[in-house]
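Q: here is the input, now give the coordinates:
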Amino acid sequence: MKNNSKRLISLLALSLIALSVFIVWSISESEASYEKPQEALLAENEDLVLIPAYITQDEALFFFIRNETNLGAAMVYKNLWGWKSDFLTWSSFNSITTGEKIGGYQIHGDEVIFGLMEEGDKRVVMLNNTPAPAIPLELSLPDDMDNDHLSDLSLWYFETDELVNESSLTLVERSTNEEIDTLHIPPY
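A: Residues are numbered from 1 along each chain as shown. This next block holds a predicted model:
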């Protein structure tokens, strides 16, 4: 009978400890989560200018402008307590802008690749023959932001698991389908 009492007391004590740990963890998760995905990103840095790519019920992809000279990406995920941001990735505009050649790109995590291109209404970036979605920056920015240097730029991006294999980015003229430039991306 004494052994059963000791086991019951031990089990009760372990249960109370586990419950206490869960409550403390829940409180910390709740305080680090937000009602909207934008709020989770702005909690990281309130000066970001957000450019949403998409928002679903449980995840969102945002691009952002930081300090008016950097373009970045972030994933935001929804958990039981609300929205929480993943890590942020960014590069300077100059290092990822495509002119007549594909000059550069940035990879976020292992599934998002993005960059900027000039004349996005006349050109398209392709990843392994798939066209990239493009977001004209001029339409995505607040009116009070000095965006003269961004007026002719479009953000292109891919969210794909193909980055683990060798891939190629191709800049193509929309009207003629003429290849302007190709850049090979080593496996990530």
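
Q: pLDDT-wise, which helix or strand of this structure ranks last?
A: helix 2-31 (a mean of 65; mean pLDDT, DSSP states H and E).

Q: using PDB, write out every CA atom in the very next helix or strand once past that one.
A: Counting by DSSP states H and E, the next helix or strand C-terminal to helix 2-31 is helix 37-44. What follows is helix 37-44 as a C-alpha-only set of coordinates in PDB (Å, rounded to 0.1, in the frame of the first residue of the first chain):
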ATOM      1  CA  PRO A  37       1.000  38.300 -39.600                       C
ATOM      2  CA  GLN A  38       2.000  42.000 -40.300                       C
ATOM      3  CA  GLU A  39       2.200  42.600 -36.600                       C
ATOM      4  CA  ALA A  40       4.600  39.800 -36.100                       C
ATOM      5  CA  LEU A  41       7.000  41.200 -38.600                       C
ATOM      6  CA  LEU A  42       6.700  44.800 -37.400                       C
ATOM      7  CA  ALA A  43       7.400  43.600 -33.900                       C
ATOM      8  CA  GLU A  44      10.900  42.500 -35.200                       C
END
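
Q: list the buried ones in helix 37-44?
A: 37-38, 40-42 (16 or more other CB atoms under 10 Å). To be clear about C-beta, it is placed using only N, CA and C from the backbone, and glycine gets the same treatment.

Q: and it, what does it pack against?
A: strand 49-55, strand 59-66, strand 70-79, strand 82-92 (3 or more CB pairs under 8 Å, 6 or more residues apart in numbering; DSSP states H and E).

Q: can you redo those strands as JSON lines, where the extra columns are distance to Asn177, mean neighbour count and mean pLDDT?
A: Output for the helices and strands packed on helix 37-44, formatted as JSON lines (distance: least, CB to CB, whole Å; neighbours: other CB atoms under 10 Å; pLDDT from 0 to 100):
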{"stretch": "strand 49-55", "distance to Asn177": "25", "mean neighbour count": "16", "mean pLDDT": "92"}
{"stretch": "strand 59-66", "distance to Asn177": "27", "mean neighbour count": "20", "mean pLDDT": "92"}
{"stretch": "strand 70-79", "distance to Asn177": "27", "mean neighbour count": "20", "mean pLDDT": "92"}
{"stretch": "strand 82-92", "distance to Asn177": "29", "mean neighbour count": "17", "mean pLDDT": "88"}
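
Q: those: which one's closest to Leu153?
A: Of all the helices and strands packed on helix 37-44, strand 70-79 sits nearest to Leu153, with 9.1 Å by CB to CB.

Q: report the strands that pair with that closest one, each with its relative direction.
A: Sheet pairing of strand 70-79 (DSSP bridges) gives strand 59-66 (antiparallel), strand 82-92 (antiparallel).

Q: who wins for proximity to Glu138 among those?
A: With CB to CB, the closest approach to Glu138 among those belongs to strand 59-66: 12.2 Å.

Q: centre of the chain to that closest one, how far?
A: Mean C-alpha position of strand 59-66 versus that of the full chain (CA atoms, centre = their mean, to the nearest Å) differs by 5 Å.
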